[in-house]
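Chemist: return a 3D structure for these sequence lines:
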Amino acid sequence: MNQLQPILLYCATIWGLYGHREISNIQNRAGGFFLSVPRNASNCAVQGELGWRTCLTQQQIESFRCFVKLYHMSEDRLTNKVFRWSMNRKGSFSFNLVKLGRQWLLYDTLLSPTSGINCKISVIKQRLCRLDEEKWFSELLDDVGKAIGNKLRTYRLFKKDCRPELYVRYIISRHRQSNLSKLRCGILPLNIEIGFYSKPPTPINQRLCPFCDSAESEAHFLVNCAFYHDLNIDEFSFSPDDSNHLKFIMVMNTTEIKVLKLVAYTINDLCYKKKAVTFLIYFTYVLFYICHEHNRPDCILYIFLVNLC
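Modeler: Model prediction:
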């Protein structure tokens, strides 16, 4: 983000008072590329994993920074005189910033004659970042118009603040980081997610695991499915009374690097096993169909022996 910000926020002091979709799209795509997740990933989840502030918040911080510096400029300078004159001109840069300051309870901070420049900028930055995080959290919990299921259904069980996650700050191979990010963001190709795109969408309680009768959620996939018993997480001392969701939350919120890497390796192995078994089932079905159509029972016996091995 340090390489992207100087380009996105160039001269944001002048034009950055309001949001621009194109700039936000660039930041969202950069975040998705960094996490190695596809475009159907929720922007809210990507922002939460990386702990990035929205472009609009960063733009407005730069605008307020310029306002504060102009306000504390020497009154003898022509720039300061024009600035103070424009504060009463509707639609001007200064007028709009003062209006936003009133809206966000920053009016007294902006026009305080005693506070220094750095103190004002620090207070404004903290306030805008807090508002940005509150907006992010409200979007995380928003279920309006999502009767068939929220893509962030699992993510909000363990994610409570917009701060960068541990695995983002440490070196993990790109492929393993991608699978871990997909699982956390709820876009790993499990039936709980695939059913979201069927037409009509499959009810959540019918999005079952292909290897058992339980719903194939992220928690079921990682800690509970009997089919993956040889790969499930075994480094945690779970209580017998812990639910699948509680176990999943404990795994996702781990703060130990060793365990975090183990989780990434395990998720990668689970995905590989599922792909391999799914391909084998599909391949067997196709061969069985071909042999049945050509009346070759010897080939059917051969397929049975191959799968048995």
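
Chemist: show me this protein divided up by domain.
Modeler: The chain resolves into domains spanning 5-142, 172-284 when parsed by automatic domain parsing.

Chemist: for D161, find the nearest of the ones you listed.
Modeler: Among the domains of the chain, domain 5-142 comes nearest to D161, with 7.0 Å by C-beta to C-beta. Backbone N, C-alpha and C define where each C-beta goes, glycine included.

Chemist: kindly check the end-to-end length of the closest one for me.
Modeler: In domain 5-142, first residue to last residue: 29 Å (C-alpha to C-alpha, to the nearest Å).

Chemist: show me the shaky parts of this protein.
Modeler: Within the chain, the stretches with pLDDT under 70 are 1-4, 6, 145-149, 171, 230-242, 283, 286-309.

Chemist: the residue sitting nearest the centre point of it is in what secondary structure piece?
Modeler: What sits nearest the mean C-alpha location of the chain, by C-alpha atoms, centre = their mean, is A45, with 1.8 Å. Assigned by DSSP states H and E, A45 belongs to helix 43-50.

Chemist: check which residues of that helix are buried.
Modeler: Buried residues in helix 43-50, counted by 16 or more other C-beta atoms under 10 Å: 43-50.

Chemist: now do stretch 223-230
Modeler: Buried residues in stretch 223-230, defined by neighbour count with 16+ other C-beta under 10 Å: 223-225, 227-228.

Chemist: how about the residues you listed, which pair is most distant?
Modeler: V223 and F227 (12.7 Å).

Chemist: R127 against L106, yeah?
Modeler: Yes: with contact defined as C-beta atoms under 8 Å, R127 reaches L106; the gap is 5.9 Å.

Chemist: quick one: residues in contact with stretch 74-94.
Modeler: 14, 17, 63, 67, 70-71, 73, 95, 98 (C-beta atoms under 8 Å, 6 or more residues apart in numbering).

Chemist: and the strands in the stretch 101-250 of the chain?
Modeler: For the stretch 101-250 of the chain, applying DSSP state E, counting those that start in this stretch gives no strands.

Chemist: now do the helices in it.
Modeler: 107-110, 117-140, 155-158, 166-169, 174-185, 191-194, 218-219, 244-252 (DSSP state H, counting those that start in this stretch).

Chemist: now for the shortest one, which elements pack on it?
Modeler: Using 3 or more C-beta pairs under 8 Å, 6 or more residues apart in numbering; DSSP states H and E as the contact criterion, the elements in contact with helix 218-219 are helix 244-252.

Chemist: name the helices or strands packed onto the helix it packs on?
Modeler: Taking 3+ C-beta pairs under 8 Å, 6+ apart as the contact cut, helix 244-252 packs with helix 155-158, helix 218-219.

Chemist: can you do 10 Å?
Modeler: In terms of contacts (3 or more C-beta pairs under 10 Å, 6 or more residues apart in numbering; DSSP states H and E), helix 244-252 is packed against helix 155-158, helix 174-185, helix 218-219, helix 257-293.

Chemist: buried ones in it, by neighbour count?
Modeler: Residues of helix 244-252 classed as buried: 244-245, 247-252 (neighbour count, 16+ other C-beta under 10 Å).

Chemist: roughly how far apart are K135 and N118?
Modeler: Note on K135: its distance to N118, by C-beta to C-beta, to the nearest Å, is 26 Å.

Chemist: contact partners for the residue nearest to the centre of the chain?
Modeler: Residues in contact with A45 (C-beta atoms under 10 Å, 6 or more residues apart in numbering) are 31, 35, 37, 140, 151-152, 154-156, 159, 181, 184-187.

Chemist: what do you get for E216?
Modeler: Counting by C-beta under 10 Å, 6+ apart, E216 touches 188, 190-195, 207-210, 225, 274.

Chemist: which of the residues you listed are buried?
Modeler: Members of the contacts of E216 classed as buried by 16+ other C-beta under 10 Å are 188, 190-193, 195, 207-209, 225, 274.
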